[in-house]
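Q: Just need the structure, nothing else, for what follows:
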Amino acid sequence: MDYEVILTDMAKAQAQNILDYIFSELKNAMAARSVEQDMKETTERLSYMAESFKLCDDSKLRTSGYRIIHLKRHRYFMLYKIVGKQVYVIGIYHDLQDYENSLN
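A: Residues are numbered from 1 along each chain as shown. Purely as a prediction, here's the structure:
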């Protein structure tokens, strides 16, 4: 099944903040480009594989149908929900980030 992937304003802001941090604070343009490419590839995978990825471990998020997909080459993941033929990415988080408590 093909899905339309929609990044919420929050997810877009998080993606930009991640890339800005890597580029400006860490002074690593090549790493920022690599993470950006990985985000794009992950978004593309969601367009045809969204139902394949696991539901969240957090019971409230799982009950609401939220899932996660990890970037292939970096320690980030996208939190998303499928609604009909659309996938809404509501956030992009680092693997070590406590995303559950930031959403509850």
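
Q: lowest confidence element among the helices and strands of the chain?
A: Across the helices and strands of the chain, the lowest-confidence element by mean pLDDT, DSSP states H and E is helix 99-103, at a mean of 81.

Q: quick one: stretch 95-104 to chain centroid distance?
A: Relative to the chain's own centre, stretch 95-104 is displaced by 13 Å; criterion: C-alpha atoms, centre = their mean, to the nearest Å.

Q: hang on, the earlier thing: and the least confident helix or strand of the chain, what's buried?
A: By 16 or more other C-beta atoms under 10 Å, the buried positions in helix 99-103 come out as 99, 100, 103. No exception for glycine: its C-beta is placed from N, CA and C like everyone else's.

Q: shaky segments in this protein?
A: Of all residues in the chain, those with pLDDT under 70 make up the ranges 104.

Q: ranges for the strands of it?
A: According to DSSP state E, the chain carries its strands in the segments 4-7, 66-70, 76-83, 86-94.

Q: In the sheet, which residues pair with the residue positioned nearest the centre of the chain? Tell me.
A: The structure's the chain has its C-alpha centroid closest to residue 78; by C-alpha atoms, centre = their mean the separation is 1.7 Å. On DSSP bridges, the residues paired with residue 78 through beta bridges are residue 69, residue 92.

Q: That one contacts residue 94, correct?
A: No - no contact is recorded between residue 78 and residue 94 when judged using C-beta atoms under 8 Å, the distance being 11.6 Å.

Q: Great, nothing more from me.
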